[in-house]
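J.: Prediction below, plus the sequence it came from.
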Amino acid sequence: MDKKIAPSVMCVDFFELRKHIETFEKNNIDLVHLDVMDGSFVSNYTLGTDFVKTIKKNTNIPLDIHLMIEEPEKKLGWFEFGEGDYVSVHYEATRHLNRAIAAIKERGAKAMVALNPATPLCMLEDLLDDIDAVLLMTVNPGFAGQKLVQSTLKKIKKLRESLYKSGYTNIEIEVDGNVSFENAELMSRAGANIFVAGSSSVFLKDFEIEENIKRLRSII
Ligand code: DX5
Ligand code: ZN
């Protein structure tokens, strides 16, 4: 399965956003990870609907919209996305997950369910026929710069193995949170194939973004 890098735009220097997007394009970045937070599902606000629209309008790189918002099925219409984009909704954020997944797919996008570190994999059981990917949070959602929840490494492995065993070989696994150069190698070995790269890798201080992208690509 192809390994993909998804820089987490909430970690960028917003004064340099255009330059960062151009660097992503020059370095064949696979997805642009956009963290949307509503201050209720997580105790933070980040990128909003107009920001998503701006990115959608100004690059051909597919979006990877991570919705950390309550009742996402009622709000998908607020966001620009379509064919080839990835949209993740949290299992913990809605009573109508199947409805949310169907609404994402109706617009031609790839549907992803996000699980917080403590949410068990068995919650995916009745979703596997409908989803394209699983986003495993490797930190508790809400902020960049946090430390890996160690138990998530074996969760990645367990998910990859169970997907293979049950024949869902096309379902992708995205990891999000403290995907450092060291952790990325462990996560890749465990079976992840989409890497949300934030403050601990692509945007690691004191190094050029291009250099960090190349280094991460060589590791995964
Ligand atoms: C956290 C976000 C992540 C975050 C990753 O809730 O979902 O995308 O920006 O940043 P780092 O890599 O610093 O953990
Ligand atoms: Zn994210």
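T.: Received it, and whenever you're ready, just let me know what you need. Ligands and ions are numbered 1, 2, ... in the order given.
J.: what about the helices in this structure?
T.: Using DSSP state H, the helices found in the chain span residues 17-26, 49-58, 97-106, 151-165, 181-190, 209-219.
J.: export those to TSV and tack on mean neighbour count, distance to Gly142 and mean pLDDT?
T.: Quick note: C-beta positions are derived from backbone N, CA and C, even for glycine. Formatted as TSV, the helices of the chain follow (neighbours: other CB atoms under 10 Å; distance: least, CB to CB, whole Å; pLDDT from 0 to 100):
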stretch	mean neighbour count	distance to Gly142	mean pLDDT
helix 17-26	15	22	98
helix 49-58	15	17	98
helix 97-106	18	20	98
helix 151-165	17	16	98
helix 181-190	18	18	98
helix 209-219	16	23	98
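J.: closest to ligand 1 out of those helices?
T.: helix 181-190 (9.3 Å; CB to the nearest ligand atom).
J.: Report the angle between the closest one and helix 151-165.
T.: Calculated by axes from the mean of the first three to the mean of the last three CA atoms, to 10 degrees, helix 181-190 forms an angle of 30 degrees with helix 151-165.
J.: does ligand 1 sit close to helix 181-190?
T.: No. Helix 181-190 is not in contact with ligand 1 by CB under 6 Å from any ligand atom; minimum separation 9.3 Å.
J.: rewinding a little: could you export the helices of the chain as a markdown table, including distance to Leu135?
T.: Putting the helices of the chain into a markdown table (distance: least, CB to CB, whole Å) gives the following:
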| stretch | distance to Leu135 |
| --- | --- |
| helix 17-26 | 20 |
| helix 49-58 | 17 |
| helix 97-106 | 13 |
| helix 151-165 | 11 |
| helix 181-190 | 13 |
| helix 209-219 | 18 |
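J.: In contact with the closest residue to Thr59 other than its chain neighbours: list those residues for me.
T.: For Thr59, ignoring the flanking residues on the chain, the nearest one in space by CB to CB, 6 or more residues apart in numbering is Ile21 at 5.1 Å. With contact taken as CB atoms under 8 Å, 6 or more residues apart in numbering, Ile21 is in contact with Val32, Ile55, Asn58, Thr59, Ile61.
J.: Distance of the fourth one relative to Tyr91?
T.: Distance of Thr59 to Tyr91, computed by CB to CB, to the nearest Å: 29 Å.
J.: How about the residues of the chain by ligand 1?
T.: 8, 10-11, 33, 35, 66, 139, 141-146, 176-179, 196, 198-200.
J.: phi, psi of Lys205?
T.: phi -60, psi 160 (degrees, to the nearest 10).
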